[in-house]
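Student: quick one: sequence plus predicted model below, questions after.
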Amino acid sequence: MRIVAGRHRGRRLAAPEDQSIRPTADRTREALFSSLESARFGKEGGVVRDSAVLDAFAGTGALGLEALSRGAATAVFMETDRTAQNLCRKNIRALQEEDHATVLSCDALHPPTRPQGDGSDSGACDLVLMDPPYGEDLAPSVLAALASAGWIAPGALVVVELEKKERFQAPESFEELERRSYGRAALVFLRFT
């Protein structure tokens, strides 16, 4: 598993030795970030650069670290599994992104209330990346919980990775913009209104 593009392009990421964590495939990650860096979602030059990113169900941190590599300002990684947290922290250190990354030991379904910003903004994230376990129908409840706890800024772009065959209905306040399939995975692009 490697960083696909940006200043850390080609750098290897530590991955689990077993199948307990399912990182987003490099090909899917590449397609995701190509979409995010296009003007398709209303921002010239894409939505990654200078964004505050939330990587929910972070696992190894591959999604958030890819965003940092491509110019995101900050990334918060939410993960409950200790092995995954350790891998995520190891990958953050390896890429020397400690000043831009925060790992929270928390369940995205029951997130802590988001700390407020310094007065210049709400402190909420404008890009949210979610890769919940396949087949558990967690995404709608997690999106509602994250929004309620202040993690998602108004107008934020949210991307949810699901198993292609999973049914998904966006919760109220989320508008589905696009859905794309890549092998076994489907990416659902949403706007928080």
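Tutor: Ah, there it is.

Student: from here on, just use CA atoms for contacts and neighbour counts.
Tutor: Fine.

Student: now stretch 66-86: buried residues?
Tutor: Judged by neighbour count using 16 or more other Cα atoms under 10 Å, the buried positions of stretch 66-86 are 66-81, 84-85.

Student: what's the answer for stretch 27-45, then?
Tutor: Taking 16+ other Cα under 10 Å as the basis for neighbour counts, the residues of stretch 27-45 that come out buried are T28, R29, E30, L32, F33, L36, E37, F41.

Student: in this structure, which helix or strand is least confident?
Tutor: Comparing helices and strands within the chain by mean pLDDT, DSSP states H and E singles out helix 26-37 as the least confident, with a mean of 87.

Student: tell me the first helix or strand C-terminal of that helix.
Tutor: Stepping forward along the backbone from helix 26-37, the first helix or strand reached (DSSP states H and E) is strand 52-56.

Student: what pairs with that following strand, and is each one parallel or antiparallel?
Tutor: Applying DSSP bridges, strand 52-56 is found paired with strand 74-79 (parallel), strand 125-130 (parallel).

Student: rewinding a little: ok, the buried residues of stretch 27-45 vs R114, which is closest?
Tutor: Using Cα to Cα, L36 is the member of those that lies nearest R114, at 24.1 Å.

Student: in contact with the closest one, which residues?
Tutor: Residues in contact with L36 (Cα atoms under 8 Å, 6 or more residues apart in numbering) are G46, V47, V48.

Student: with distance to P115 and neighbour count as new columns, can those residues be given to me in JSON lines?
Tutor: Formatted as JSON lines, the contacts of L36 follow (distance: Cα to Cα, whole Å; neighbours: other Cα atoms under 10 Å):
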{"residue": "G46", "distance to P115": "26", "neighbour count": "17"}
{"residue": "V47", "distance to P115": "22", "neighbour count": "25"}
{"residue": "V48", "distance to P115": "22", "neighbour count": "24"}
